[in-house]
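*Asks:* Here is a sequence together with a model predicted from it:
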Amino acid sequence: MENTLQKEIENMSKAIKTDNYPMSIGELANLYQVGDLDISPIYQRMFRWDITQQSALIESILLNIPIPPIYVYQNEKGKWNLIDGQQRLSTIFKFMGILKKISDDGETDGGLKDIMEREPLTRTKFLPSLEGKYWEDEDEQKSLTEVQRRYIKRSKILIIIIDKSSDEFAQYEMFQRLNTGGSHLSPQEIRNCILVMKNEEIYKKMRDLSRYENFVKAIPISEKDADEQGYLELVVKYFILRYSDLEVSDSENYNNFLTDEILRLINADIIDLEKESEVFKKTFDLLYRVMDENAFKKYDKRKEKSCGAVLVGAYEAIIPGLTENIDHFQEKKEELKGLIQGIYSSDQYIAATRRGIRPIGRIKRLARSSKENFASGK
């Protein structure tokens, strides 16, 4: 009988296509300048390292101290999109004077005016004389020597390449496991990588919805959650609450479920994003008009007001039912307000959100009760 573990290893190995080899910084710089290496794809965060961190990296290269590998995804055109290593490559390219400025969408015009302004290094632990140094400067006292620049360009970094032929589950797992940098990606930022690879246009439409003014106003999440793509995660969840049959075990991992389910909906071409954008906007226009920023905050009957933070359970208890009956509630604002305020004291909501209920179990219970609760609109 074939060893079960070996069979699992062989099957999963077929799903994961990777390659790796060392590449000089000079070669990477050339790939970047001609557009064959995108270090700021739209799912990546912006460059964040301060000058102390930047100087420490240049010090490591000059002293031949190994730096972690760079991970890239090779798309169908053979170009590389960066997965992990943005801060490192951005630091190197900025110091070399070739780092392009980018917008929030990862776009740049590519002109000289779009090159990030150079910045002198600061002293480091082992090389205090790096203080005030530039890659190249007319003042020799402020410039690396030609020998030092050549050494940096010839220094090599290991590049790990994930091929486009890897299956979706393997891609998601690799994004999670290869997320090794100092500024870790959130689950939704990892999910963004997969969505971009799957269908960049759909990703962009979802991203645009995540920035819709009344959607953002109606759900005042924390700055940290917003920075980690919390609004985009809520858009993903919106479509799952709208279209998923939720045929999944309560014990399923929450983030894996969101990723697998949105990919399934995209693969099956179930979501008409043009039509759905209208429903989405009508829903949050109405919610903000009726509830201001309180739709997803617990309503206290005794105090007769909503208070506290936005509740994930409230989102799950409102969106499925309301979106199915959105036209009815356009003219029934007081009815809608009463339904929303009454959710938090309902037996279904209390039971679904009690301690010990797993996230998927909560979603299944609240989505079902939501459709029953708002069914008066039918």
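*Replies:* Right, received. Where do you want to start?
*Asks:* For the rest of this, base every contact and every neighbour count on C-alpha atoms.
*Replies:* OK.
*Asks:* Where does pLDDT dip in the protein?
*Replies:* 1-2, 14-16, 42-46, 103-113, 164-185, 376-378 (pLDDT under 70).
*Asks:* Walk me through the domains of it.
*Replies:* 4-177, 187-377 (automatic domain parsing).
*Asks:* In TSV, list those along with mean neighbour count.
*Replies:* Shown next, in TSV, are the domains of the chain (neighbours: other Cα atoms under 10 Å):
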stretch	mean neighbour count
domain 4-177	17
domain 187-377	17
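*Asks:* so S249, which of the three states?
*Replies:* Here S249 takes the coil state, with states given by DSSP: H, G, I helix; E, B strand; the rest coil.
*Asks:* element containing the nearest residue to L127 once chain neighbours are set aside, please.
*Replies:* Excluding the flanking residues, the one nearest L127 by Cα to Cα, 6 or more residues apart in numbering is E59, at 6.8 Å. E59 belongs to helix 51-62 when assigned by DSSP states H and E.
*Asks:* Residues contacting that helix, please?
*Replies:* Here helix 51-62 makes contact (Cα atoms under 8 Å, 6 or more residues apart in numbering) with 66-67, 88, 91-92, 119, 121-124, 126-127, 130, 148, 151-152, 155.
*Asks:* Would you map the strands across this structure?
*Replies:* Secondary structure of the chain (DSSP state E): strands at 18-24, 37-38, 70-74, 80-84, 156-163, 298-300, 305-307.
*Asks:* how about the ones you listed in CSV, adding distance to N256?
*Replies:* CSV is the format used below for those (distance: least, Cα to Cα, whole Å):
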stretch, distance to N256
strand 18-24, 22
strand 37-38, 27
strand 70-74, 20
strand 80-84, 19
strand 156-163, 20
strand 298-300, 28
strand 305-307, 31
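*Asks:* At the geometric centre of the protein, which residue sits there?
*Replies:* E189 (1.6 Å; Cα atoms, centre = their mean).
*Asks:* Let me know the distance separating it from S277.
*Replies:* E189 sits 22 Å away from S277, going by Cα to Cα, to the nearest Å.
*Asks:* Please apply the same query to F374.
*Replies:* 21 Å.
*Asks:* And L5, by the same measure?
*Replies:* L5 is 46 Å from S277, by Cα to Cα.
*Asks:* other SSEs contacting the top helix by length along the chain?
*Replies:* Longest helix in the chain, counting residues (DSSP state H): helix 273-291. The contact analysis (3 or more Cα pairs under 8 Å, 6 or more residues apart in numbering; DSSP states H and E) places helix 273-291 against helix 200-210, helix 213-218, helix 312-324, helix 326-329, helix 333-343.
*Asks:* would CSV of the ones you listed with distance to Q33 be doable?
*Replies:* As requested, the helices and strands packed on helix 273-291 are exported to CSV (distance: least, Cα to Cα, whole Å):
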stretch, distance to Q33
helix 200-210, 23
helix 213-218, 36
helix 312-324, 43
helix 326-329, 50
helix 333-343, 53
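*Asks:* Please name whichever of these is nearest to K364.
*Replies:* Checking the helices and strands packed on helix 273-291 against K364 by Cα to Cα gives helix 312-324 as the closest, at 8.8 Å.
*Asks:* just the angle between that closest one and helix 333-343, please?
*Replies:* Here the directions of helix 312-324 and helix 333-343 differ by 150 degrees (axes from the mean of the first three to the mean of the last three Cα atoms, to 10 degrees).
*Asks:* and helix 312-324, what other elements does it pack with?
*Replies:* helix 230-243, helix 273-291, helix 333-343, helix 359-373.
*Asks:* okay, the ones you listed in TSV with distance to R302 next?
*Replies:* Shown next, in TSV, are the helices and strands packed on helix 312-324 (distance: least, Cα to Cα, whole Å):
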stretch	distance to R302
helix 230-243	30
helix 273-291	18
helix 333-343	12
helix 359-373	22
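*Asks:* Of those, which is nearest D50?
*Replies:* Closest approach to D50 among the helices and strands packed on helix 312-324 is made by helix 230-243 (25.0 Å; Cα to Cα).
*Asks:* Figure out how far that closest one is from the centre of its chain.
*Replies:* 13 Å (Cα atoms, centre = their mean, to the nearest Å).
*Asks:* do stretch 218-235 as well
*Replies:* Computed by Cα atoms, centre = their mean, the chain-centroid distance of stretch 218-235 equals 11 Å.
*Asks:* from now on call the first residue 624
*Replies:* Sounds good: first residue 624 from here, last item stretch 841-858.
*Asks:* Can you tell me what sits against it?
*Replies:* Stretch 841-858 has contacts (Cα under 8 Å, 6+ apart) with 808-809, 811-812, 829-830, 832-834, 839, 907, 910-911, 914-919, 932-933.
*Asks:* For stretch 745-764, output the C-alpha coordinates as PDB.
*Replies:* Listed next in PDB are the C-alpha coordinates belonging to stretch 745-764 (Å, rounded to 0.1, in the frame of the first residue of the first chain):
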ATOM      1  CA  THR A 745      22.700  58.000   8.600                       C
ATOM      2  CA  ARG A 746      25.400  56.500  10.800                       C
ATOM      3  CA  THR A 747      25.100  52.800  11.600                       C
ATOM      4  CA  LYS A 748      26.400  50.500  14.300                       C
ATOM      5  CA  PHE A 749      29.400  49.200  12.300                       C
ATOM      6  CA  LEU A 750      29.800  51.900   9.700                       C
ATOM      7  CA  PRO A 751      29.400  55.300  11.400                       C
ATOM      8  CA  SER A 752      31.000  57.000   8.300                       C
ATOM      9  CA  LEU A 753      27.800  56.200   6.300                       C
ATOM     10  CA  GLU A 754      26.500  59.400   7.900                       C
ATOM     11  CA  GLY A 755      25.500  61.800   5.100                       C
ATOM     12  CA  LYS A 756      26.500  59.500   2.300                       C
ATOM     13  CA  TYR A 757      24.600  59.400  -1.100                       C
ATOM     14  CA  TRP A 758      24.900  56.800  -3.800                       C
ATOM     15  CA  GLU A 759      26.700  59.400  -5.900                       C
ATOM     16  CA  ASP A 760      27.400  63.100  -5.400                       C
ATOM     17  CA  GLU A 761      29.600  65.800  -6.800                       C
ATOM     18  CA  ASP A 762      31.100  66.200  -3.400                       C
ATOM     19  CA  GLU A 763      33.300  63.200  -2.900                       C
ATOM     20  CA  GLN A 764      33.000  63.400   0.800                       C
END
